[in-house]
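Chemist: Everything below, folded, please.
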Amino acid sequence: MYCIKSVSLLSIFNSLTKVEDCSSFVYYAVPICLYLKRLLYEATQSAIVTIMDIKKLFIATNQALTDVIKQITPEQFEMKVPAHMRYSDGQVLKTTINILAYENLCVPKVLHGEIGLAINKEFNEDLLKDDLVGNYERLSHVANEAVKSHADLEQIVHISYGDFPASGYLTDISIQRSTSAYDIGMLIGVDVSLPEDAVKGLWSIAVSYADYLREAGIFPPEIKVSDDASPEDKLLSLMGRQPKDAAVIVK
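Modeler: Numbers count the residues shown, from 1 in each chain. Model (predicted):
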(Lines give C-alpha, C1' and ligand atoms only; values in the text may rest on other atoms or scores of the structure.)
Protein backbone atom coordinates (compact mmCIF):
# COMPACT_ATOMS: atom_id res chain seq x y z
CA MET A 1 0.00 0.00 0.00
CA TYR A 2 1.20 3.51 -0.65
CA CYS A 3 0.23 6.84 0.86
CA ILE A 4 -1.87 5.28 3.60
CA LYS A 5 -1.62 2.60 6.26
CA SER A 6 -5.27 2.09 7.18
CA VAL A 7 -8.32 1.50 5.07
CA SER A 8 -11.99 2.33 5.27
CA LEU A 9 -14.62 -0.36 5.47
CA LEU A 10 -15.68 0.29 1.90
CA SER A 11 -12.07 -0.01 0.75
CA ILE A 12 -11.67 -3.30 2.60
CA PHE A 13 -14.86 -4.69 1.09
CA ASN A 14 -14.02 -3.65 -2.45
CA SER A 15 -10.48 -4.97 -2.12
CA LEU A 16 -11.65 -8.32 -0.83
CA THR A 17 -14.03 -8.74 -3.74
CA LYS A 18 -11.15 -8.24 -6.19
CA VAL A 19 -8.28 -10.27 -4.68
CA GLU A 20 -7.67 -13.68 -3.22
CA ASP A 21 -4.79 -12.62 -0.98
CA CYS A 22 -6.11 -10.14 1.57
CA SER A 23 -3.01 -9.85 3.71
CA SER A 24 -1.07 -6.93 5.04
CA PHE A 25 -2.54 -3.81 3.50
CA VAL A 26 -3.65 -2.13 6.71
CA TYR A 27 -2.05 -0.20 9.55
CA TYR A 28 -1.70 -3.35 11.64
CA ALA A 29 0.06 -6.15 9.76
CA VAL A 30 -2.84 -8.56 10.18
CA PRO A 31 -4.54 -10.36 7.28
CA ILE A 32 -8.20 -9.54 6.52
CA CYS A 33 -10.15 -12.76 6.05
CA LEU A 34 -12.49 -13.24 3.10
CA TYR A 35 -15.33 -14.36 5.35
CA LEU A 36 -15.65 -10.76 6.57
CA LYS A 37 -16.83 -9.55 3.17
CA ARG A 38 -20.54 -9.87 3.91
CA LEU A 39 -20.24 -8.16 7.29
CA LEU A 40 -18.14 -5.40 5.84
CA TYR A 41 -20.64 -4.78 3.07
CA GLU A 42 -23.51 -4.49 5.53
CA ALA A 43 -21.67 -1.87 7.57
CA THR A 44 -20.91 0.27 4.51
CA GLN A 45 -24.62 0.90 4.19
CA SER A 46 -24.64 3.03 7.35
CA ALA A 47 -21.95 5.62 6.51
CA ILE A 48 -22.49 8.83 8.46
CA VAL A 49 -19.77 11.31 7.51
CA THR A 50 -20.81 13.33 4.47
CA ILE A 51 -18.62 14.15 1.52
CA MET A 52 -18.86 17.84 2.46
CA ASP A 53 -17.21 17.11 5.79
CA ILE A 54 -14.33 14.87 4.79
CA LYS A 55 -11.94 17.55 3.49
CA LYS A 56 -12.13 19.46 6.76
CA LEU A 57 -11.71 16.23 8.71
CA PHE A 58 -8.55 15.30 6.84
CA ILE A 59 -7.01 18.74 7.33
CA ALA A 60 -7.87 18.73 11.05
CA THR A 61 -6.39 15.28 11.67
CA ASN A 62 -3.35 15.92 9.50
CA GLN A 63 -2.67 19.20 11.30
CA ALA A 64 -3.05 17.49 14.68
CA LEU A 65 -0.45 14.93 13.61
CA THR A 66 1.89 17.71 12.46
CA ASP A 67 1.47 19.54 15.76
CA VAL A 68 2.56 16.38 17.60
CA ILE A 69 5.56 15.83 15.34
CA LYS A 70 6.70 19.41 15.93
CA GLN A 71 7.13 18.49 19.61
CA ILE A 72 9.50 15.56 19.01
CA THR A 73 12.96 16.21 20.42
CA PRO A 74 16.11 15.24 18.49
CA GLU A 75 16.74 12.37 20.91
CA GLN A 76 13.20 11.03 20.54
CA PHE A 77 13.57 10.61 16.79
CA GLU A 78 15.87 7.67 17.59
CA MET A 79 13.34 5.92 19.84
CA LYS A 80 12.28 2.45 18.76
CA VAL A 81 8.57 2.31 17.98
CA PRO A 82 6.11 -0.39 19.12
CA ALA A 83 5.04 -3.16 16.76
CA HIS A 84 1.81 -1.54 15.57
CA MET A 85 3.73 1.55 14.37
CA ARG A 86 6.45 -0.16 12.36
CA TYR A 87 7.12 -2.05 9.15
CA SER A 88 10.36 -3.67 10.26
CA ASP A 89 12.05 -4.82 13.45
CA GLY A 90 14.07 -2.13 15.17
CA GLN A 91 12.31 0.70 13.32
CA VAL A 92 12.89 4.07 14.96
CA LEU A 93 10.53 7.02 15.18
CA LYS A 94 12.41 8.98 12.50
CA THR A 95 11.62 6.25 9.97
CA THR A 96 7.96 6.32 10.95
CA ILE A 97 7.85 10.10 10.55
CA ASN A 98 9.59 9.83 7.18
CA ILE A 99 6.88 7.42 6.01
CA LEU A 100 4.19 9.79 7.26
CA ALA A 101 5.94 12.57 5.32
CA TYR A 102 5.87 10.37 2.23
CA GLU A 103 2.15 9.89 2.68
CA ASN A 104 1.76 13.68 2.71
CA LEU A 105 3.84 13.88 -0.45
CA CYS A 106 1.53 11.34 -2.07
CA VAL A 107 -1.74 13.14 -1.29
CA PRO A 108 -1.66 15.62 -4.21
CA LYS A 109 -0.30 12.91 -6.51
CA VAL A 110 -3.13 10.52 -5.65
CA LEU A 111 -5.75 13.25 -5.98
CA HIS A 112 -4.35 14.11 -9.42
CA GLY A 113 -4.75 10.50 -10.54
CA GLU A 114 -1.13 9.40 -10.45
CA ILE A 115 -0.54 5.65 -10.35
CA GLY A 116 2.39 3.37 -9.61
CA LEU A 117 3.63 5.11 -6.46
CA ALA A 118 5.87 3.08 -4.15
CA ILE A 119 4.22 1.38 -1.21
CA ASN A 120 5.17 2.59 2.26
CA LYS A 121 7.36 -0.31 3.30
CA GLU A 122 9.35 -0.06 0.06
CA PHE A 123 9.90 3.71 0.23
CA ASN A 124 13.46 4.50 1.32
CA GLU A 125 14.14 8.11 0.31
CA ASP A 126 15.02 10.49 3.13
CA LEU A 127 12.46 13.32 2.91
CA LEU A 128 13.34 14.82 6.29
CA LYS A 129 17.09 15.32 5.74
CA ASP A 130 18.73 17.74 8.22
CA ASP A 131 15.53 19.63 9.04
CA LEU A 132 13.32 16.82 10.29
CA VAL A 133 10.46 18.91 11.65
CA GLY A 134 10.66 21.69 9.07
CA ASN A 135 10.56 19.36 6.09
CA TYR A 136 7.74 17.34 7.61
CA GLU A 137 5.72 20.50 8.23
CA ARG A 138 6.31 21.65 4.65
CA LEU A 139 4.97 18.41 3.18
CA SER A 140 2.02 18.42 5.56
CA HIS A 141 1.11 21.89 4.30
CA VAL A 142 1.35 20.65 0.71
CA ALA A 143 -1.08 17.83 1.49
CA ASN A 144 -3.53 20.12 3.27
CA GLU A 145 -3.53 22.62 0.40
CA ALA A 146 -4.06 19.85 -2.13
CA VAL A 147 -7.09 18.56 -0.24
CA LYS A 148 -8.46 22.05 0.30
CA SER A 149 -8.36 22.82 -3.42
CA HIS A 150 -9.59 19.44 -4.66
CA ALA A 151 -13.17 19.83 -5.90
CA ASP A 152 -14.24 16.43 -7.22
CA LEU A 153 -14.57 14.05 -4.29
CA GLU A 154 -16.33 11.47 -6.48
CA GLN A 155 -13.28 11.28 -8.74
CA ILE A 156 -11.80 7.79 -8.79
CA VAL A 157 -8.27 7.72 -7.43
CA HIS A 158 -5.74 4.92 -7.52
CA ILE A 159 -4.24 3.43 -4.38
CA SER A 160 -2.40 0.17 -4.03
CA TYR A 161 -5.40 -1.86 -2.83
CA GLY A 162 -7.82 -0.60 -5.48
CA ASP A 163 -9.55 2.30 -7.18
CA PHE A 164 -11.92 4.37 -5.02
CA PRO A 165 -13.59 7.78 -4.85
CA ALA A 166 -11.36 10.51 -3.46
CA SER A 167 -13.75 10.82 -0.51
CA GLY A 168 -13.01 7.21 0.47
CA TYR A 169 -9.28 7.80 0.24
CA LEU A 170 -9.55 10.86 2.48
CA THR A 171 -11.72 8.93 4.93
CA ASP A 172 -9.07 6.23 5.16
CA ILE A 173 -6.17 8.57 5.71
CA SER A 174 -8.10 10.73 8.21
CA ILE A 175 -8.53 7.71 10.49
CA GLN A 176 -4.86 6.87 10.04
CA ARG A 177 -3.74 10.43 10.75
CA SER A 178 -5.71 10.49 14.00
CA THR A 179 -4.40 7.15 15.27
CA SER A 180 -0.85 8.15 14.34
CA ALA A 181 -1.19 11.44 16.23
CA TYR A 182 -2.44 9.68 19.36
CA ASP A 183 0.13 6.88 19.13
CA ILE A 184 3.10 9.21 18.64
CA GLY A 185 1.81 11.50 21.38
CA MET A 186 1.63 8.56 23.74
CA LEU A 187 5.13 7.43 22.75
CA ILE A 188 6.81 10.81 23.33
CA GLY A 189 4.66 11.86 26.28
CA VAL A 190 2.71 14.82 24.90
CA ASP A 191 -1.00 15.50 25.05
CA VAL A 192 -2.99 15.28 21.82
CA SER A 193 -6.36 16.97 21.54
CA LEU A 194 -8.39 17.04 18.35
CA PRO A 195 -11.01 19.71 17.66
CA GLU A 196 -14.51 18.79 18.80
CA ASP A 197 -15.89 18.58 15.27
CA ALA A 198 -13.01 16.32 14.22
CA VAL A 199 -13.72 13.99 17.14
CA LYS A 200 -17.37 13.83 16.08
CA GLY A 201 -16.41 13.12 12.49
CA LEU A 202 -13.98 10.36 13.44
CA TRP A 203 -16.52 8.85 15.79
CA SER A 204 -19.14 8.70 13.06
CA ILE A 205 -16.71 6.79 10.86
CA ALA A 206 -15.22 4.48 13.48
CA VAL A 207 -18.40 3.55 15.32
CA SER A 208 -19.97 2.24 12.12
CA TYR A 209 -17.45 -0.57 11.70
CA ALA A 210 -15.15 -0.71 14.70
CA ASP A 211 -16.32 -4.22 15.62
CA TYR A 212 -15.47 -5.53 12.17
CA LEU A 213 -12.07 -3.86 12.15
CA ARG A 214 -11.38 -5.15 15.64
CA GLU A 215 -12.32 -8.68 14.60
CA ALA A 216 -9.90 -8.31 11.70
CA GLY A 217 -7.16 -7.15 14.08
CA ILE A 218 -6.93 -3.55 12.86
CA PHE A 219 -8.15 -1.92 16.07
CA PRO A 220 -6.84 -3.28 19.39
CA PRO A 221 -9.44 -4.45 21.92
CA GLU A 222 -11.84 -1.74 23.01
CA ILE A 223 -11.26 -0.22 26.42
CA LYS A 224 -14.54 0.05 28.29
CA VAL A 225 -15.31 3.51 29.63
CA SER A 226 -18.19 4.98 31.61
CA ASP A 227 -21.10 6.81 30.02
CA ASP A 228 -19.85 10.14 31.35
CA ALA A 229 -16.50 9.88 29.52
CA SER A 230 -15.70 12.75 27.20
CA PRO A 231 -16.37 12.29 23.45
CA GLU A 232 -12.62 12.13 22.81
CA ASP A 233 -12.08 9.46 25.48
CA LYS A 234 -14.96 7.46 24.01
CA LEU A 235 -13.30 7.71 20.60
CA LEU A 236 -9.93 6.66 21.98
CA SER A 237 -11.41 3.69 23.81
CA LEU A 238 -13.33 2.64 20.70
CA MET A 239 -10.09 2.63 18.71
CA GLY A 240 -8.33 0.64 21.43
CA ARG A 241 -6.29 3.57 22.76
CA GLN A 242 -5.96 4.60 26.37
CA PRO A 243 -8.44 7.35 27.35
CA LYS A 244 -6.90 10.54 28.71
CA ASP A 245 -8.90 10.34 31.93
CA ALA A 246 -8.03 7.03 33.54
CA ALA A 247 -10.91 7.50 35.99
CA VAL A 248 -13.47 6.77 33.22
CA ILE A 249 -12.08 3.28 32.56
CA VAL A 250 -14.54 0.61 33.65
CA LYS A 251 -12.68 -2.06 35.54
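
Chemist: Can you tell me how far the residue nearest the centre of the chain is from Leu65?
Modeler: When CA atoms, centre = their mean is applied to the chain, the residue found nearest the centroid is Gln176 (0.5 Å). Gln176 sits at a distance of 9 Å from Leu65 (criterion: CB to CB, to the nearest Å). Quick note: C-beta positions are derived from backbone N, CA and C, even for glycine.

Chemist: Mind pulling the model confidence for the residue nearest to the centre of the chain?
Modeler: On pLDDT, Gln176 comes in at 89.

Chemist: element containing it?
Modeler: Per DSSP states H and E: Gln176 is located in helix 166-188.

Chemist: Now that helix: buried residues?
Modeler: Residues 166-188 are the ones in helix 166-188 that count as buried (16 or more other CB atoms under 10 Å).

Chemist: Ok, stretch 227-241 next?
Modeler: Ala229, Glu232, Asp233, Lys234, Leu235, Leu236, Ser237, Leu238, Met239, Gly240, Arg241.

Chemist: The third one against Ser226, yeah?
Modeler: Think Asp233. No. Assessed by CB atoms under 8 Å, Asp233 is found out of contact with Ser226, at 9.2 Å.

Chemist: Lys94 contacts Glu75, doesn't it?
Modeler: No. In this structure, Lys94 is not within contact of Glu75 by CB under 8 Å, at 11.0 Å.

Chemist: what about the two, which has more around it?
Modeler: Set Lys94 next to Glu75 and count neighbours by other CB atoms under 10 Å: Lys94 wins out with 18 against 8.

Chemist: Might one say that Lys109 is in contact with Gly116?
Modeler: No. The pair Lys109 / Gly116 is not scored as a contact, 9.9 Å apart, by CB under 8 Å.

Chemist: Compare those two (neighbour count), which wins?
Modeler: Just comparing Lys109 and Gly116: by other CB under 10 Å the higher neighbour count belongs to Lys109, 17 against 8.

Chemist: Assign a three-state SS to Gly116, would you?
Modeler: coil (DSSP: H, G, I helix; E, B strand; the rest coil).
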